[in-house]
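S.K.: Need coordinates for the below:
(2 chains)
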Amino acid sequence: MRLSRYPVPTLKEDPSDAVVASHRLMIRAGLARKEAAGMYVYLPLGLRVLRKIIDIVRQEMDAAGAVEFLMPELTTADLWKESGRWETMGPEMIRIKDRNGLEYALAPTHEEAFTGTVRSIISSYKDLPLNAYQINTKFRDEIRPRYGVIRSKEFIMKDAYSFDMDDEGLEKSYQAMRTAYRNIFKRCGLETIPVEADTGTMGGNQSEEFMVPSEIGEELLLLCDSCGYRANQEKAGFGRAPAPAKGPFEELKEVSTPDVKTIDDLVKFFGCGADIFLKSIIYIADGAPVMAVIAGDRDINEHKLKSFLGASELDLASDSTVEEVTKAPVGFAGPVNDFKIRTVFDIGVRDISNGITGANKKDVHYSGVNPGRDFHIKDEADIALAVEEDPCPKCGAAMKARRGIEVGHIFKLGNKYSKSMGLTVLDAQGKSVHPIMGCYGIGVNRTLAAIIEQHHDEGGIIWPVTVAPFHVWLVGLGKAEEEIRQADEIYGLIREAGIEVLYDDRKLSPGFKFGDADMVGLPVRVTVGKNYFQTGEAEVKLRSSGAVEKVRKDDIASRLFALIETETSRFRI
RNA sequence: CGGGGCGUAGCGCAGUCCGGUAGCGCAUCUGGUUUGGGACCAGAGGGCCGGAGGUUCGAAUCCUCUCGCCCCGACCA
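M.R.: This next block holds a predicted model:
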């Protein structure tokens, strides 16, 4: 491809709205342009990268035995009503009406669509296992799209859904996807960390996210170096200290605490550690108030709480709701009360003795609070947020925290969708059973962004050869007719050898062309300039290492093949 | 949704306080000189100053309303 005929609109300056490297470089290297918040136009170069990633994904999915489908992106409300998610998906799902007033959703995910389709095409255990996938657009009305294509309203996802007869089958399908994902990310040049994850609104019981470690990651990961435990903070547990011996119980006493509302205030006021306070927070779970109680030195993990409650919506209660429920202003709630409210206790609460908590009266706290005596613990769960340095739940060593970008997510779903959608097959005994499902997603655009995050320098992108839009950037520096002819000749030679080459035949100064070559970051740069015209040796330079060599015309094609092969081997599985 | 910031040429920005012919750099076009790390000279094109109302002799600038964008937070497969 000749650059004079192929738009690669590089920019000298950073776009004003880009705050992360991948976003900045995608725009500056001419891969994409922003259309609106969370919506991007892919220019020819960016599209080629997407295609390369998609090719790798498709090859590995096919190799793992999955079969490709293509679902409509416009889905009927009826489909979502079957599973109940028309109601539970919330405003994240973009809903529209046609001219007749019929309701549709722009699909944010495709469990229903695949389950519905599979329902109509299989009927026997002999048809299973089946792993159906597609590479298709998803729409999500994100509250705040950001970081370029890392969180956008419209994006390409590879989503796969496995159907098995039993847990053993599901385990096999799940492990096959796990392996496929490792292969995919390795081939894309990405270092990923698989972590235990929260299953969120997808339901299910086991899931792992593939995280690309990065400063700008939106997820916090807790990692144990000594035993290998790795979890998303949303899901992470931590080792609890053994319960201290319970001393003599003090009497429950009201203490006047004017304007002492926060844990910090209480620590100052009582002159004791935060861990003996029973922090009580009011939430609204699917419309009903819930009190969550936890030791004062810890925070509530709302994902854990939500999952324990089985709620689809969980919000912090407003100040007025808190007053209504506890009959006291915010800051004085506590589990020692006589009003009816569902209360969930973190498992650490039972170990607190002679604690302090709000008395549900303005400016009053209780001291000498003892679980079991002063209040009854019925709902108890791990609802605490694990933080860096907490002991690992498996081995007790201190955990490290790291940020990560989620590029893939695999779930064991169970029969939630096969049940609600009425998908059944006959087993060997002729009995009707619901297949067990798994689901597996990869964000393609986000993968592209993550690759740039991991592969760039001050000069621009450094593409792993496996996803590079072209392999070779040929710079022609001659200006005389004969010099241009010689550069054209090299271009023809490389192209005819079947190597993907972008030929910078523009009439620009050398510095400008080299700058663009670095910015766009193709793996190999070939320069046909003064040196070539004088000695017949072209300069060949690797973007990744900066290594330079001189190659004669007759050797160029074979040398480029060798270099591309060497580069590829770095990302082979 | 709360807090903060910003909308002026394709991109990056100044001008807004204090109303008076809409500017700068990059990019683009023409001519010339240059050519191994983002060249130089001369000339040129390109704007409903986000939109709508208002105040005023006169509005990019002041007032009201609105739309959009960015950041932090809340939120979120």
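S.K.: and A:T535, how many neighbours does it have?
M.R.: If you count neighbours by other CB atoms under 10 Å, A:T535 ends up with 10. Bear in mind the C-beta positions are built from the backbone N, C-alpha and C, glycine included.
S.K.: Same question for A:D275.
M.R.: 15.
S.K.: did I read that right, it in a strand?
M.R.: No: A:D275: not assigned to a strand; according to DSSP: H, G, I helix; E, B strand; the rest coil it is helix.
S.K.: contacting residues around it?
M.R.: Counting by CB atoms under 8 Å, 6 or more residues apart in numbering, A:D275 makes contact with A:A295, A:G296, A:D297, A:I352.
S.K.: For A:G443, which residues count as its bridge partners?
M.R.: A:M157 (DSSP bridges).
S.K.: my guess is it meets A:S152, correct?
M.R.: No: if you go by CB atoms under 8 Å, A:G443 and A:S152 don't touch, sitting 9.4 Å apart.
S.K.: ok now stretch A:368-381, how far from the chain's centre?
M.R.: 38 Å (CA atoms, centre = their mean, to the nearest Å).
S.K.: can you confirm A:F308 is in a strand?
M.R.: No: the assignment for A:F308 (three-state DSSP) gives helix, which keeps it out of a strand.
S.K.: what about the residue nearest to A:A197 when sequence neighbours are not counted, distance to A:Q233?
M.R.: Nearest non-adjacent residue to A:A197, counting by CB to CB, 6 or more residues apart in numbering: A:E209, 4.2 Å away. From A:E209 over to A:Q233 the distance is 11 Å, taken as CB to CB, to the nearest Å.
S.K.: who has more neighbours, these two?
M.R.: A:E209 (27 against 19).
S.K.: Please, which helix or strand holds the more buried one?
M.R.: For A:E209, the host element (DSSP states H and E) is strand A:206-213.
S.K.: what element comes up after that strand heading to the C-terminus?
M.R.: By DSSP H and E, the next helix or strand past strand A:206-213 is strand A:219-223.
S.K.: Please see if the next helix-or-strand element following that next one touches RNA strand B.
M.R.: As assigned by DSSP H and E, the chain's next helix or strand after strand A:219-223 is strand A:230-232. No: Strand A:230-232 lies out of reach of RNA strand B by CB under 7 Å from any atom of the strand, never closer than 9.2 Å.
S.K.: So what touches strand A:230-232?
M.R.: So strand A:230-232 is in contact with A:193-198, A:209, A:211, A:219-224, A:237, A:386, going by CB under 8 Å, 6+ apart.
S.K.: Where does pLDDT dip in chain A?
M.R.: Applying pLDDT under 70 to chain A flags residues A:200-204.
S.K.: pull the longest strand from it.
M.R.: Looking across chain A with DSSP state E, the single longest strand is strand A:400-414.
S.K.: tell me the angle of it relative to strand A:206-213?
M.R.: 140 degrees (axes from the mean of the first three to the mean of the last three CA atoms, to 10 degrees).
S.K.: Let's see which of the contacts of A:D275 end up in strands.
M.R.: A:A295.
S.K.: on that earlier part again, residues in contact with the residue nearest to A:A197?
M.R.: Here A:E209 is in contact with A:P194, A:V195, A:A197, A:E219, A:N232, A:G404, A:E406, A:G408, A:H409 (CB under 8 Å, 6+ apart).
S.K.: The closest residue to the second one other than its chain neighbours pairs with what?
M.R.: By that I understand A:V195. Closest residue to A:V195 apart from its sequence neighbours, by CB to CB, 6+ apart: A:R230 at 4.3 Å. Under the criterion DSSP bridges, A:R230 forms beta bridges with A:L223.
S.K.: any idea how far A:R230 lies from A:C224?
M.R.: Relative to A:C224, and taking CB to CB, A:R230 is found at 7 Å.
S.K.: which residues sit in contact with the residue nearest the centre of chain A?
M.R.: Central residue of chain A (CA atoms, centre = their mean): A:E406, 2.3 Å from the mean position. If you count contacts by CB under 8 Å, 6+ apart, A:E406 has them with A:E209, A:F210, A:M211, A:G217, A:E218, A:E219, A:G443, A:R446.
S.K.: neighbours around the closest residue in space to the second one that isn't next to it in sequence, how many?
M.R.: On the basis of CB to CB, 6+ apart, the spatially nearest residue to A:F210 that is not a chain neighbour turns out to be A:G408, at 3.7 Å. A:G408: 28 surrounding residues under other CB under 10 Å.
S.K.: try the one 10 residues further on
M.R.: By the criterion of other CB under 10 Å, A:S418 has 22 neighbours.
S.K.: Tell me if I'm right that it and A:I436 touch.
M.R.: Yes: with contact defined as CB under 8 Å, A:S418 and A:I436 form a contacting pair (7.3 Å).
S.K.: Mind listing the shared neighbours of the two?
M.R.: A:F163.
S.K.: Could you pull out the strands in the stretch 401-550 of chain A for me?
M.R.: For the stretch 401-550 of chain A, applying DSSP state E, counting those that start in this stretch gives strands covering A:425-426, A:432-433, A:436-443, A:456-457, A:460-461, A:472-476, A:501-504, A:524-528, A:537-542, A:548-552.
S.K.: tell me which parts of the stretch 451-573 of chain A are close to RNA strand B?
M.R.: A:459, A:477, A:479, A:507-519, A:527-532, A:539, A:541.
S.K.: Can you give me the neighbour number for the closest residue to A:G404 other than its chain neighbours?
M.R.: Residue nearest to A:G404 in three dimensions, not counting chain neighbours: A:M211, with 3.1 Å by CB to CB, 6+ apart. Neighbours of A:M211 under the rule other CB under 10 Å: 28.
S.K.: from what I can see A:M211 touches A:T192, true?
M.R.: Yes: with contact defined as CB under 8 Å, A:M211 counts as touching A:T192 (6.1 Å).
S.K.: Between these two, which contacts overlap?
M.R.: Common neighbours of A:M211 and A:T192 (CB under 8 Å, 6+ apart) are A:V407.
S.K.: domain parsing for chain A?
M.R.: Structurally, chain A divides into domains by automatic domain parsing as follows: A:3-236+A:401-453, A:253-381, A:470-569.
S.K.: Adding distance to A:A243, write these out as a markdown table.
M.R.: Formatted as a markdown table, the domains of chain A follow (distance: least, CB to CB, whole Å):
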| stretch | distance to A:A243 |
| --- | --- |
| domain A:3-236+A:401-453 | 21 |
| domain A:253-381 | 4 |
| domain A:470-569 | 55 |
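S.K.: Perfect, I'm done here.
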